[in-house]
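**Student:** the sequence and its predicted three-dimensional model are supplied below.
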Amino acid sequence: MEFVMEKVKEVLMILPNLIGYMMEKLKEVLMVIPNFFGYLFGKLEEVLMILPNSIGYLLGKVKEVLMLLPDLIGYLMGKVKEMVMIFPNMGGYIMGKLKEVLMVLPNLGGYIMGKMKEMVMVVLDSVGHMMGKVKEVLENLVGYMVGKVNEMLVFLQKSNLIGYLMEKVKDVQMVFEKLVRYLMIKFEEEFPADTRAEQLHHLLVKYVIPIISLVILVWFLYYFWRCCWVCLQKVIECCGECLRFCWKCCFGVGQTTVKMMKAPGVEGLRIPRLPFEANPAAYFRSLRFPPLLPLSKPLLG
């Protein structure tokens, strides 16, 4: 508060001098104003003295223009008359040229139609020539293919390949029929009609259901191997790393040779410096999956 009062006193002491300075400047401005107005009035008198002469000059120029105006109007009227006199001749000239064009137009139309007919004829000839060539190529191609097919048929007839194949098909069919007949006989022998239902039920319970169960178990184990074994392996690896770290921390193994550092992002934890410097990205990536991964590879390398 005392500081503010001191500043107010300083301002009050300076204020009279400031007001005096402003009054002096105001007096100087008031002394200059009469001279300024006198200069303005002098210039205004000069302009008023020059103004009559300027108005007279302008009026003289207007009179000269008015005196020249009749001559200009007469000149323009003469030019208009000349154009009116020339216009009939120009109209006759234009009409003559138009008649000539109309006379030439039928001949031009006939010439254009003749050229169009010639172009159409040329196009038709070209298309006919192309169609002939395509027809020749197709006939040659079809003839070549038919000849090759005939050659193959002749070869098959001479070599009796089709007959041989048909005989082999018949042999296979006979063997298949014999096999089916033999299997049916064996089925009838092994499973008589009177005890067939009981034997099939016994076979189903004794062999089919265990085989299906074994297949399901194998499939489940394969699925477990594909999906869960990797995760289990990671968990076992992380547990092993944790045990190694606890062993080193508790028994002091390697504390004198391995340089340690503060773990970034984890308060109160120290990790080996060399593994972190070798692969810092792996350490920061392991922080996203606590609590196992941050304590495994980033800590011990």
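**Tutor:** Yep, that arrived.
**Student:** now do the helices in the stretch 1-150 of the chain.
**Tutor:** Here the stretch 1-150 of the chain has its helices, by DSSP state H, counting those that start in this stretch, at 2-159.
**Student:** count of neighbours near residue 203?
**Tutor:** 13 (other C-beta atoms under 10 Å). All C-beta spots, glycine's among them, are computed from the backbone N, C-alpha and C.
**Student:** for residue 276, same thing?
**Tutor:** Neighbours of residue 276 (other C-beta under 10 Å): 19.
**Student:** from residue 263, how far off is it?
**Tutor:** According to C-beta to C-beta, to the nearest Å, residue 276 and residue 263 sit 8 Å apart.
**Student:** same thing with residue 61?
**Tutor:** 101 Å.
**Student:** neighbour count for the two, which is higher?
**Tutor:** More crowded of residue 61 and residue 263, by other C-beta under 10 Å: residue 263, with 18 against 10.
**Student:** per-residue confidence for that one?
**Tutor:** Model confidence at residue 263, given as pLDDT, is 88.
**Student:** can you get me a residue count around the residue lying closest to it once chain neighbours are set aside?
**Tutor:** Leaving aside its sequence neighbours, residue 263 sits nearest to residue 269 (C-beta to C-beta, 6 or more residues apart in numbering; 4.0 Å). When counting by other C-beta under 10 Å, one arrives at 13 neighbours for residue 269.
**Student:** just the pLDDT at residue 26, thanks.
**Tutor:** 87.
**Student:** what do you get for residue 294?
**Tutor:** Per-residue confidence (pLDDT) for residue 294: 41.
**Student:** who's in contact with stretch 200-216?
**Tutor:** residue 191 (C-beta atoms under 8 Å, 6 or more residues apart in numbering).
**Student:** just give me how far that stretch sits from the chain centre.
**Tutor:** 59 Å (C-alpha atoms, centre = their mean, to the nearest Å).
**Student:** gap between the two ends of that stretch?
**Tutor:** Stretch 200-216 stretches 22 Å from its first residue to its last (C-alpha to C-alpha, to the nearest Å).
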